[in-house]
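Participant: I'd like to go over a predicted model; first the sequence, then the structure.
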Amino acid sequence: MNNYFDLNSIFDIIGTIAFAISGALFGAKKNMDVLGVLVLGIVTALGGGFIRDLVLGITPPNMFQNSTNAIIATLSSLLVFLILYIKTDKIDKKLINHLSKIMTISDTIGLASFTITGIATAISVGHEEKFLLVFVGTVTGVGGGAIRDVLSGSVPFIFREQIYAGACILGSFVFLIVRHFVPTDISLIICFLTVLIVRLIAVKKNLNLPKITD
Amino acid sequence: MNNYFDLNSIFDIIGTIAFAISGALFGAKKNMDVLGVLVLGIVTALGGGFIRDLVLGITPPNMFQNSTNAIIATLSSLLVFLILYIKTDKIDKKLINHLSKIMTISDTIGLASFTITGIATAISVGHEEKFLLVFVGTVTGVGGGAIRDVLSGSVPFIFREQIYAGACILGSFVFLIVRHFVPTDISLIICFLTVLIVRLIAVKKNLNLPKITD
Amino acid sequence: MNNYFDLNSIFDIIGTIAFAISGALFGAKKNMDVLGVLVLGIVTALGGGFIRDLVLGITPPNMFQNSTNAIIATLSSLLVFLILYIKTDKIDKKLINHLSKIMTISDTIGLASFTITGIATAISVGHEEKFLLVFVGTVTGVGGGAIRDVLSGSVPFIFREQIYAGACILGSFVFLIVRHFVPTDISLIICFLTVLIVRLIAVKKNLNLPKITD
């Protein structure tokens, strides 16, 4: 049992909570009912890992073999709903503004956590193909949010927002490089920090990638 | 060969016809051409089982090992198209209104049928994990309709409509409970009736789950 | 090693380049940034094969076992971006018009190529079920474009455009028939030409399938 499996579990739980909160807040902002809020929270939290497992041929996906994450996602989403439901008469512009900030931060923590659980899961079942590791890291990171957006009829975040999938791809490449020099678990933490910092700087500075202008 | 396998086949056929009709009517209402109507009918009828099989690691999915359902879905959708195509000059407000009602009823029968085929299929390949059974029941029930909605550019039904996925989730939980007391096939029928009745009452009474209001 | 495996590889590369160009142009027309353009190009090029492999139970999908196609798709998309980025001040109505034509032709070549790689891949892993071959041919052909459209918030091409999935379905049926008379590799080429010609005639003549009019 290598260290990075424990690391994997810890970041899996952090990512699950962060994405469940982000998904539930998204549903609440769209005026969904309690079940819509729960489903969006759960889908955002578990969707990336679900796609990852289908790609790696892990069926049924891990989330069914160990329902801890499903329970965590459900409780986190329910908590978000209850807090907003109770405080609903006190919601004003300022709170909405705060919600957006909390959502961005949650989302970024989820993104960084799931990028490394994606890579670590692929390695744990014996895969070393570089393109696969980058893909699985990125899709585990952005997959839940993409499903959330498609289901709720929005153009996915990955195309609208500042450097999003780009942070996962960069972090995955950094992992592949530093891994030659330091142990796998340290490399994963460096990958996590890369995704987190790149994304937060991009949001803060409103950085965007070059595009074709008319 | 337990009874619930036969039951599974019967409800599979009922659900396939019901969802094919509902999908084809949806395509017709969106002014799609004959192929669009067929594809929407087939996708709605087979989509839930397709996702279920990928989740359970049944590849290629059942629908390809036994093409009865595919043929039934194609013929049902074609029939819907032909009836509407021939009667097109007589379509008026009243007919459209009737169509919506037929679509809701078809859809509900499909929802209830596929919830139990989802659960029964998972059990038949040896799964007993409670969260998996609820997930597979629900995703088989709502999956086809969700793919239909996403493909045709609508916000999925599950988020717009009265208690929809909620009926499947409730029915699946009822199954898990009554199963301790009665045989599996009876439990599946109770699950079917629960989904059907809960959804129909919700539509009739226009019941909705609590949501966060501004 | 039968001939049609080599054929499969050749058409796989042609289809990958054609769909990557079509996807990247689509992203550029939607004013996406460089990463958005790359992701849309790659998803359009690899998406159909990805779904095909999940359906056939080939995990991880072929694209990860041999990353040639991923590299080709990335480079083709990048090239499209760079050409447009450099020429951006010279873009006028006429160029946009040309782009649409190039996109349609690329897309059609990709459609025809992937229809036969879908069928050939299924046969190569031992499947002969007729419905499966038609499904896998069609989904490999239209899958990438459908994912591209859903991700970018458009109603999928298959529902909006002249005879699109219809060309794949027809080509697949032609394959199933001619295969009784000529070798598999010749049948695949006939299938390719059928899809190509049917789709191009449909676009040229603006042919559409019958629909229900009000």
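Facilitator: Great, that's in hand. Numbering: from 1, shown residues only, chains lettered A, B, ... in the order given.

Participant: so whichever residue of chain A sits closest to chain B, which of the three states?
Facilitator: As assessed by CB to the nearest CB, chain B sits closest to A:Thr59 within chain A, at 2.9 Å. In this view, the C-beta of every residue, glycine as well, is placed from N, C-alpha and C. At A:Thr59, secondary structure determined by DSSP: H, G, I helix; E, B strand; the rest coil is coil.

Participant: for A:Phe181, same thing?
Facilitator: coil.

Participant: neighbours of it, how many?
Facilitator: 8 (other CB atoms under 10 Å in any protein chain shown).

Participant: got the phi/psi numbers for it?
Facilitator: The phi/psi pair for A:Phe181 (degrees, to the nearest 10) reads phi -110, psi -30.

Participant: for A:Val182, same thing?
Facilitator: Per-residue torsions, A:Val182: phi -130, psi 160 (degrees, to the nearest 10).

Participant: from A:Ala122, how far out is the closest residue to it other than its chain neighbours?
Facilitator: Leaving aside its chain neighbours, A:Val182 sits nearest to A:Ile190 (7.5 Å; criterion: CB to CB, 6 or more residues apart in numbering or on different chains). Distance, A:Ile190 to A:Ala122, using CB to CB, to the nearest Å: 17 Å.

Participant: the residue of chain A closest to chain B - nearest residue in space that isn't next to it in sequence?
Facilitator: Nearest non-adjacent residue to A:Thr59, counting by CB to CB, 6+ apart: B:Gly57, 2.9 Å away.

Participant: packing partners for the helix or strand where the residue nearest to A:Val182 lies?
Facilitator: A:Ile190 belongs to helix A:184-204 when elements are defined using DSSP states H and E. Packing contacts for helix A:184-204, counted by 3 or more CB pairs under 8 Å, 6 or more residues apart in numbering or on different chains; DSSP states H and E, involve helix A:3-29, helix A:93-124, helix A:165-178.

Participant: report the angle between that helix and helix A:165-178.
Facilitator: If you take axes from the mean of the first three to the mean of the last three CA atoms, to 10 degrees, helix A:184-204 sits at 150 degrees to helix A:165-178.

Participant: give me the buried stretch members for helix A:184-204, please.
Facilitator: A:184-185, A:187-192, A:194-196, A:198-200, A:202-203 (16 or more other CB atoms under 10 Å in any protein chain shown).

Participant: which among these gets closest to chain C?
Facilitator: For those, the nearest to chain C is A:Ala202 (11.4 Å; CB to the nearest CB).

Participant: smallest distance to chain C belongs to which residue of chain A?
Facilitator: A:Gly57 (2.9 Å).

Participant: wait, that residue sits on C:Thr59?
Facilitator: Yes. Using CB atoms under 8 Å, A:Gly57 is in contact with C:Thr59, at 2.9 Å.

Participant: which stretches of chain A have low pLDDT?
Facilitator: Within chain A, the set of residues satisfying pLDDT under 70 comprises A:1-5, A:88-96, A:155-162, A:212-214.

Participant: up against chain B, what does it have?
Facilitator: Contact residues, chain A versus chain B (CB under 8 Å from any CB of the partner chain): A:28, A:30-37, A:39, A:54, A:57, A:59-61, A:63-65, A:67, A:70, A:81, A:84-85, A:88, A:91, A:150-153.

Participant: OK, contacts around the residue nearest to A:Thr59?
Facilitator: Contact analysis of B:Gly57 by CB atoms under 8 Å, 6 or more residues apart in numbering or on different chains lists A:57, A:59-60, C:57.

Participant: wait, A:Phe77 touches A:Val43, no?
Facilitator: Residue A:77: Ser, not Phe. No. Using CB under 8 Å, A:Ser77 makes no contact with A:Val43, being 9.7 Å away.

Participant: could you check the angle helix B:165-178 makes with the one helix or strand A:Val55 maps to?
Facilitator: Using DSSP H and E, the element containing A:Val55 is helix A:34-56. Per the same axes, to 10 degrees, the angle that helix A:34-56 makes with helix B:165-178 is 80 degrees.

Participant: and whichever helix or strand comes after helix A:34-56, what does it pack against?
Facilitator: Toward the C-terminus, helix A:34-56 is succeeded by helix A:62-65 as the next helix or strand (DSSP H and E). Packing partners of helix A:62-65 (3+ CB pairs under 8 Å, 6+ apart): helix A:34-56, helix B:130-151.

Participant: in PDB, list the C-alpha atoms belonging to the first one.
Facilitator: In this case it means helix A:34-56. Output of helix A:34-56 as PDB, limited to C-alpha atoms (Å, rounded to 0.1, in the frame of the first residue of the first chain):
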ATOM      1  CA  VAL A  34     -34.700  20.300  -3.400                       C
ATOM      2  CA  LEU A  35     -34.300  17.200  -5.600                       C
ATOM      3  CA  GLY A  36     -32.800  19.200  -8.400                       C
ATOM      4  CA  VAL A  37     -30.300  20.700  -6.000                       C
ATOM      5  CA  LEU A  38     -29.400  17.300  -4.600                       C
ATOM      6  CA  VAL A  39     -29.000  15.700  -8.100                       C
ATOM      7  CA  LEU A  40     -26.900  18.600  -9.400                       C
ATOM      8  CA  GLY A  41     -24.700  18.400  -6.200                       C
ATOM      9  CA  ILE A  42     -24.300  14.600  -6.500                       C
ATOM     10  CA  VAL A  43     -23.700  14.600 -10.300                       C
ATOM     11  CA  THR A  44     -21.100  17.400 -10.000                       C
ATOM     12  CA  ALA A  45     -19.300  15.500  -7.200                       C
ATOM     13  CA  LEU A  46     -19.400  12.000  -8.600                       C
ATOM     14  CA  GLY A  47     -19.600  12.600 -12.400                       C
ATOM     15  CA  GLY A  48     -15.900  13.100 -13.100                       C
ATOM     16  CA  GLY A  49     -15.000   9.800 -11.200                       C
ATOM     17  CA  PHE A  50     -17.900   8.100 -13.000                       C
ATOM     18  CA  ILE A  51     -16.500   8.900 -16.500                       C
ATOM     19  CA  ARG A  52     -13.000   8.100 -15.300                       C
ATOM     20  CA  ASP A  53     -14.000   4.600 -14.200                       C
ATOM     21  CA  LEU A  54     -15.900   3.900 -17.400                       C
ATOM     22  CA  VAL A  55     -12.800   4.900 -19.400                       C
ATOM     23  CA  LEU A  56     -10.600   2.700 -17.300                       C
END
